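K.L.:
3D, please:
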Amino acid sequence: MIRTNVRKRRPAGSTLAAAALLGALAPALLPAAQAQAAPLGRACLFQDKEGAQGAGHVAWAVRDPKDSGHWIWGATEGPANGMYIPAGSPNGSWIKGGTWKQLRGSISLARYDNYRCINTAGGNLAAAQQTYGRMKANGYAVLTNNCLTKSLEIFRSYSPALTGSSLPDGRTTPNHYFEVSLNSARGWEASRSY
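P.N.:
Predicted structure coming up:
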């Protein structure tokens, strides 16, 4: 018996489809170490339950996705009378940068009670800093332009992926937002004691 070596050729389209499918599945097939090495941003909100005469107060922090050891953080303290500061006047905003340990030393343990965080696919520290720059100069209004609304704007500029489902609007008190709104928001970790 004579055997011939004749291979059947696959149509070019099926080869291309197989290559495309393999390319789409390749990220899922990567080892866990490679998947974890992907840039990862992180945003955290810190709660002072007794702040603002019991309505609460918050501070914010974001991590550099290119250097997981570097963070920037800050808050807007608002006016002594708690109601209003015109644009262009100091509104008690501040910002710092450094390690998580430095952040923990800077955000007073005596003042803040809890914190909670969310991971993001990436993040832009420069955008967060630019937004902070605008927020520190745009005044303060207890109901519409406060520590919470400013923190949320910084988070949104840091990661556009933080949308309504993971970052609801802040038309509520800081305590309600921290304890209720974020409980039903997508992706936020449980509150931790600070």
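K.L.:
Against Asn119, how distant is Gly74?
P.N.:
In this view, Gly74 and Asn119 are 20 Å apart by CB to CB, to the nearest Å. For the C-beta atoms, the positions are set from N, CA and C on the backbone; glycine is no exception.
K.L.:
between those two, who's got more neighbours?
P.N.:
For Gly74 and Asn119, the more surrounded residue by other CB atoms under 10 Å is Gly74, and the numbers stand at 25 against 15.
K.L.:
Name the SS class of Asn175, please.
P.N.:
helix (DSSP: H, G, I helix; E, B strand; the rest coil).
K.L.:
Does Arg63 touch Gly41 like I think?
P.N.:
Yes: at 6.1 Å, Arg63 and Gly41 qualify as touching, with contact defined as CB atoms under 8 Å.
K.L.:
Can you list the neighbours in contact with stretch 147-164?
P.N.:
Contact partners of stretch 147-164, identified using CB atoms under 8 Å, 6 or more residues apart in numbering, comprise 41, 43, 45, 51-52, 57-60, 62, 74-78, 93, 118, 120-125, 127-128, 130-132, 135, 167, 169-170, 172-174, 177.
K.L.:
Show the buried residues in those residues.
P.N.:
Among the contacts of stretch 147-164, those scoring as buried are 41, 43, 45, 51-52, 57-60, 62, 74-78, 93, 118, 120, 123-125, 127-128, 131-132, 135, 167, 170, 172-174, 177 (criterion: 16 or more other CB atoms under 10 Å).
K.L.:
May I have stretch 157-175 exported as CSV, CA atoms only?
P.N.:
What follows is stretch 157-175 as a C-alpha-only set of coordinates in CSV (Å, rounded to 0.1, in the frame of the first residue of the first chain):
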residue,chain,number,x,y,z
SER,A,157,-10.3,62.7,37.7
TYR,A,158,-7.9,60.1,39.1
SER,A,159,-9.8,57.3,37.4
PRO,A,160,-12.6,57.9,34.9
ALA,A,161,-13.6,54.2,35.5
LEU,A,162,-15.1,55.5,38.8
THR,A,163,-18.5,56.2,37.5
GLY,A,164,-22.0,56.3,39.1
SER,A,165,-22.2,52.6,39.9
SER,A,166,-19.0,52.7,41.9
LEU,A,167,-19.0,56.3,42.9
PRO,A,168,-22.5,57.7,43.5
ASP,A,169,-23.0,61.4,43.7
GLY,A,170,-22.3,63.1,47.0
ARG,A,171,-25.6,64.9,47.6
THR,A,172,-25.8,63.6,51.2
THR,A,173,-23.9,63.9,54.4
PRO,A,174,-20.4,62.4,54.6
ASN,A,175,-21.5,59.9,57.2
